[in-house]
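Colleague: just a sequence and a predicted model for now, questions to come.
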Amino acid sequence: MIHRGKEMFKTWLCTATLALVMCVTSGLRADEVVLLNSDRLQGVVLEENDKQVVLQHSVLGRLTLPRDKVQAVFKEQVKPVPQAVVQAKPEPKKEIEPLPERKDGPFLTFLADWESTFEAGAMVATGNTEKANIYLRFNTTTKNEKRQWDFDTSYYRDQTDGDVSTNKFTAGLKHEWLFKDSPWSIFAQGRFDYDEFQSWDKRVSAAAGAGYLWIDKEDLTVKFKLGAGATKEYGSTDEDVIPELLAGFNLAWKISPNQKFTAGSTIYPDLSEIGEYRIVSDASWVIDLNTVDKVSLKVGVENEYQSQVDDGVKHNDFRLYSALVFKF
């Protein structure tokens, strides 16, 4: 019995010693992993390389985290077990250094962080005459402190009793270089137009210039632009390259948290024929629908005036439209 009691005492002593060592060592080693969303995970980092970070968590167990989802890793050094247990003061949390600025190339910058909208409007009427019209538009933009990209494309088609009266397509791309703490900017833009019922079939234009942000408030922005470029028409009586100036403005007014008004107009004087010009203008009102998330109702007007057109072609190409706007 005495021998058996000694064995039980030795077993108990070993178990208690092992438990004490585990408690002490677990308290001494507390690595910390900070994720991109600033969440923090504490445990023991078992492995760290360019592809992944492996963390042993006290509750979640073994975690394998992709390296591109990890912002920072802080490793605690294991300290020797002290002779006496002393209540140590908690160390202050380390400051997380901000991530270095992204140095994307032109291609990655062009693709990243876009805000887009798709607009769709249609009307069908039957009676003495049958009418149908379609309006489709796609816009996307991205902006940071140094640059801004804008792309838009639209398609319009009107038909009455089987006869097409409008069939046009347009697409434009604009790149703007911004200067920190300055209202000035530099832009370059290009546009392609197709119109079955204009003096031309296709038109290509490009321009560059400077912009000035006159008003920059949370609910109101007004920007002016001035530059020069060229236009070439295909399928017209004059297919020479036309040098042009450009001058215009853009306005955006946030009427309320769910309403916005925008307007803009640009004049393009013809440098090859003094007195000839074209003006492109637009205005729109957008109201968010409270019943559907990221869906708005839009009403707008567009007009392009050309001082020089072929016989039988109107100087003004005016359009009033309404559409649903889907944001994504």
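Modeller: Ah, there it is.
Colleague: not counting its neighbours along the chain, what's nearest residue 326?
Modeller: Closest residue to residue 326 apart from its sequence neighbours, by CB to CB, 6 or more residues apart in numbering: residue 118 at 4.8 Å. For every residue, glycine as well, the C-beta is placed using N, CA and C.
Colleague: isn't that neighbour right up against residue 323?
Modeller: No: Residue 118 lies out of contact with residue 323 (CB atoms under 8 Å); the separation is 9.5 Å.
Colleague: find residues that contact each of the two.
Modeller: residue 137 (CB atoms under 8 Å, 6 or more residues apart in numbering).
Colleague: out of the two, which sits in the busier spot?
Modeller: residue 323 (20 against 15; other CB atoms under 10 Å).
Colleague: the more buried one sits in which helix or strand?
Modeller: strand 316-327 (DSSP states H and E).
Colleague: ramachandran angles for residue 67?
Modeller: Per-residue torsions, residue 67: phi -60, psi -40 (degrees, to the nearest 10).
Colleague: quick one: it from residue 48, how far?
Modeller: Using CB to CB, to the nearest Å, residue 67 is found at 8 Å from residue 48.
Colleague: mind listing the strands for the stretch 201-328 of the chain?
Modeller: 202-216, 220-234, 242-256, 259-269, 277-288, 295-306, 316-327 (DSSP state E, counting those that start in this stretch).
Colleague: which strands and helices sit next to the last one?
Modeller: What it means is strand 316-327. strand 115-125, strand 131-143, strand 295-306 (3 or more CB pairs under 8 Å, 6 or more residues apart in numbering; DSSP states H and E).
Colleague: residues in contact with that strand?
Modeller: Applying CB under 8 Å, 6+ apart, the external contacts of strand 316-327 come out as 115-121, 135, 137, 156, 166, 195, 198, 286, 294-306.
Colleague: restricted to buried residues, select the residues you listed in PyMOL.
Modeller: Filtering those down to the buried ones (16 or more other CB atoms under 10 Å) takes a single PyMOL command:
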select buried, resi 117+119+121+135+137+156+166+195+198+286+296+298+300+302+304+305+306
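Colleague: continuing past the helix or strand of the chain with the lowest mean pLDDT, what's the next helix or strand?
Modeller: Here the helix or strand of the chain ranked lowest by mean pLDDT, DSSP states H and E is helix 2-28, holding a mean of 49. Using DSSP H and E, the helix or strand that directly follows helix 2-28 along the chain is strand 31-35.
Colleague: just give me how far that next one sits from the chain centre.
Modeller: Taking CA atoms, centre = their mean, to the nearest Å, one finds strand 31-35 lying 29 Å from the centre of the chain it belongs to.
Colleague: now do stretch 151-167
Modeller: Taking the mean of its C-alpha atoms, stretch 151-167 sits 29 Å from the chain's own mean (CA atoms, centre = their mean).
Colleague: for that stretch, output the C-alpha coordinates as CSV.
Modeller: Extracted in CSV, the C-alpha atoms of stretch 151-167 (Å, rounded to 0.1, in the frame of the first residue of the first chain):
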residue,chain,number,x,y,z
PHE,A,151,-15.8,56.0,-69.5
ASP,A,152,-19.3,56.2,-70.9
THR,A,153,-21.2,54.6,-73.8
SER,A,154,-24.8,55.1,-74.9
TYR,A,155,-27.1,53.7,-77.6
TYR,A,156,-30.4,55.3,-78.8
ARG,A,157,-33.0,53.9,-81.2
ASP,A,158,-36.4,55.3,-82.2
GLN,A,159,-38.9,53.6,-84.5
THR,A,160,-42.4,54.6,-85.7
ASP,A,161,-44.5,52.2,-87.8
GLY,A,162,-41.4,50.2,-88.7
ASP,A,163,-39.5,53.3,-89.8
VAL,A,164,-36.3,54.0,-87.9
SER,A,165,-35.9,57.7,-87.1
THR,A,166,-33.0,57.5,-84.6
ASN,A,167,-30.1,55.1,-84.5
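Colleague: residues in contact with that stretch: which ones?
Modeller: 129-141, 168-174, 195-197, 319.
Colleague: are any of the residues you listed buried, and if so which?
Modeller: Buried members of the contacts of stretch 151-167, scored by 16+ other CB under 10 Å, are 133, 135-137, 139, 168-170, 173-174, 195, 319.
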